[in-house]
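Participant: Quick one, fold the following:
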Amino acid sequence: MNIEFQASQGQVKEWVIDHVREKLMELYHRDKRISRAQVYFREQPDAEGGSKICEIDLSIYGDSLFVRRKAGSFEQASMEVLKELTEKVDEQIRNQGEPPEEITSTVNV
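Facilitator: Take a look at the predicted model:
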């Protein structure tokens, strides 16, 4: 699995990046179909002085899971994103075992 981080230098604490990397690796060990993770940390100015945004885009076997959260700190935003991503990956794992729907029809010629 490839993990890419995009953030302004010095803006995000190193332990936050390490924590996100560790949690993404845990998700990969649960579902080996995850091929790529792109993590974006950015700041968005607003009326309250600025919000910290964390976005993670996971590529899973041709599908994409994208989660974005805004909070007062990068730590809080990343925790919320990771929580939701874990729930979505768990849901995909549960649904993975179900056979696909198949429709069979016959035509008399």
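
Participant: For residue 70, which non-adjacent residue is closest in space?
Facilitator: Once flanking residues are discounted, residue 70 sits nearest to residue 51: 4.6 Å by CB to CB, 6 or more residues apart in numbering. (Each C-beta comes from the backbone N, C-alpha and C, glycine too.)

Participant: and that neighbour, what are its bridge partners?
Facilitator: Beta-bridge partners for residue 51, by DSSP bridges, are residue 44.

Participant: Could you report the distance from it to residue 84?
Facilitator: Residue 51 sits 17 Å away from residue 84, taking CB to CB, to the nearest Å as the criterion.

Participant: List the contacts of the residue nearest to residue 70.
Facilitator: 43, 44, 70, 71, 72 (CB atoms under 8 Å, 6 or more residues apart in numbering).

Participant: Tell me the spacing between it and residue 29.
Facilitator: From residue 51 to residue 29 the distance is 32 Å (CB to CB).

Participant: Please give the element, helix or strand, for residue 59.
Facilitator: strand 51-60 (DSSP states H and E).

Participant: Now do the buried residues in that strand.
Facilitator: 51, 52, 53, 54, 55, 56, 57, 58, 59, 60 (16 or more other CB atoms under 10 Å).

Participant: Out of those residues, give me the two with the largest separation.
Facilitator: Spatially, the most separated pair among the buried residues of strand 51-60 is 51 and 60, at 27.9 Å (CB to CB).
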